[in-house]
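**Q** Please find the sequence and the predicted model below.
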Amino acid sequence: MNIENVNVIIIINDYTKMGGVEKVTANLSKLFMCSNFSFQGVISLNREFDNPKIKYPAQLPFFVMKTGEIKKIIQEKKITHVIIQTQLLKETLDILKQLDGLDVKKIPVLHSTPYAYLRFFYKKNNIIDFIRYLKMIFITRQRSLYFIKEIIKRSNKFLLVSKKAEEELKFILAPKYHNKISFIYNAHDIQVERNNNKENIIVYAGRLAPEKQVFKAVKLLAPILKANSNWHLEILGEGCEKNIIENFILDNNINNVFLRGSVDNVFDYLSRAKISFLYSLYEGLPTSMLEASFYNNVLVTSDSKGGVSDIVENNINGFIVNNDMEFVRKVESLIADETLAINLSNGNSRVRQKFDNTKIIKLWENLFIQ
């Protein structure tokens with residue numbers, strides 16, 4: 001197939017929500033609208049809000065419809081390739097079933113590590129946690145594994161968003177599935193105006209959810225911040241841990257940790273910051289770390305499942321830490337040693353090369369014409 005004959009549409013659960021999948025869908029749409037193939041827009045299966053929380057390209061067409069209505073628009077628009085932005089495995093399988101019998105290439109994209117669906121990440125501190133653990137082992141994991149296998153069988157290609165996540169899935173599944181599994185990095189829309197006058201700022205940007213372990217990271221960093229009052233921590237984002245973090249800050253009289261909520265000027269914070277951290281249990285391809293690398297922040301992350309290691313190269317542009325003590329030591333070393341921080345900051349130039357949008361769109365075009 002010639003690239004000029006390719007006709008693409010994206011399917012997402014709800015384009016109006018605020019989240020990583022919505023953000024990368026907006027970025028991918030912008031990239032597709034400037035490509036050599038035809039891009040018809042985004043199908044959204046739900047619409048919770050009147051206006052989207054993410055800024056999409058102004059001319060991007062949206063089609064809000066239920067799963068059972070997808071087949072008709074695919075035929076009407078003469079779509080050749082359907083990209084499914086996968087979050088819910090059952091929903092993805094239902095979409096693929098709707099596409100049965102159509103002459104269309106089907107490409108689901110999993111935006112997290114497969115272990116997010118197959119592993120219990122939390123401590124078993126009480127009977128409720130232990131019951132959840134047993135449910136994951138004996139019910140959820142088996143169900144998720146079934147869905148993943150069925151999705152791959154019905155797809156022309158099953159994409160992950162990081163090389164590490166691709167390796168994880170191939171490790172989990174038998175070799176007969178491997179030829180359909182690959183990865184393409186998420187497109188980005190990072191407008192870089194680098195600031196040479198960096199300030200003593202540490203940034204976290206993302207959801208304040210249990211799997212992100214932001215509260216735990218704040219507790220670990222609190223003694224460092226109290227001992228270094230000329231530094232401060234900016235927390236950008238919303239989530240269920242916001243109140244508990246806020247109460248911890250007040251109870252411990254910490255004056256240099258600030259909860260900013262959702263902000264429109266994330267890049268302003270990143271341009272001024274020296275350090276960005278992520279202490280997640282699992283990730284797909286962490287957008288916050290990618291953005292921070294473009295602004296020459298030193299990156300400090302946990303050794304989580306998923307694509308952290310695609311962005312953070314240990315001792316090149318930051319540190320991937322294995323435990324709480326190492327996390328604290330590395331942040332302390334960056335605060336104490338400005339030369340170390342500058343050298344690691346400069347290491348981002350090497351890492352950023354693989355996230356060039358021109359490379360990303362070329363990978364999509366090559367996939368479409370296969």
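**A** Arrived safely, thanks for sending. Residues are numbered from 1 along each chain as shown.

**Q** Any stretches of the chain with poor pLDDT?
**A** 193-195 (pLDDT under 70).

**Q** Would you map the strands across the chain?
**A** In the chain, the segments counted as strands under DSSP state E are 7-14, 38-46, 62-64, 81-86, 105-110, 158-160, 181-183, 201-205, 232-236, 257-261, 275-278, 298-302, 318-321.

**Q** mind putting those in CSV, distance to V214 included?
**A** (Each C-beta comes from the backbone N, C-alpha and C, glycine too.) Below are the strands of the chain laid out as CSV (distance: least, CB to CB, whole Å):
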stretch, distance to V214
strand 7-14, 24
strand 38-46, 27
strand 62-64, 32
strand 81-86, 25
strand 105-110, 24
strand 158-160, 25
strand 181-183, 27
strand 201-205, 6
strand 232-236, 7
strand 257-261, 10
strand 275-278, 9
strand 298-302, 12
strand 318-321, 15
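
**Q** Now mean neighbour count and distance to F147 too, for the ones you listed, in TSV please.
**A** Formatted as TSV, the strands of the chain follow (neighbours: other CB atoms under 10 Å; distance: least, CB to CB, whole Å):
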stretch	mean neighbour count	distance to F147
strand 7-14	22	15
strand 38-46	21	17
strand 62-64	16	25
strand 81-86	24	10
strand 105-110	23	11
strand 158-160	26	12
strand 181-183	19	15
strand 201-205	24	31
strand 232-236	21	33
strand 257-261	15	35
strand 275-278	26	27
strand 298-302	26	27
strand 318-321	24	30
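
**Q** is L278 in a bridge, and if so with what?
**A** Note on L278: beta-bridge partners by DSSP bridges are T301.

**Q** ok so, going back, out of the strands of the chain, nearest to S309?
**A** strand 318-321 (6.3 Å; CB to CB).

**Q** Show me what that closest one packs onto, helices and strands only.
**A** Contacts defined by 3 or more CB pairs under 8 Å, 6 or more residues apart in numbering; DSSP states H and E place strand 318-321 against strand 298-302, helix 324-336.

**Q** List every C-alpha atom in stretch 216-224, with coordinates, as PDB.
**A** The C-alpha trace of stretch 216-224 is given here as PDB (Å, rounded to 0.1, in the frame of the first residue of the first chain):
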ATOM      1  CA  LYS A 216       5.700   8.400  50.000                       C
ATOM      2  CA  ALA A 217       8.200  10.500  48.000                       C
ATOM      3  CA  VAL A 218       7.200  13.700  49.900                       C
ATOM      4  CA  LYS A 219       7.700  12.000  53.200                       C
ATOM      5  CA  LEU A 220      11.200  10.800  52.100                       C
ATOM      6  CA  LEU A 221      12.100  14.300  50.800                       C
ATOM      7  CA  ALA A 222      10.800  16.200  53.800                       C
ATOM      8  CA  PRO A 223      14.000  16.000  55.900                       C
ATOM      9  CA  ILE A 224      16.100  17.100  52.900                       C
END
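
**Q** from the helices and strands packed on strand 318-321, which stretch is densest packed?
**A** Highest mean neighbour count among the helices and strands packed on strand 318-321 (mean count of other CB atoms under 10 Å): strand 298-302, with a mean of 26.

**Q** Thanks again, I'm all set now.
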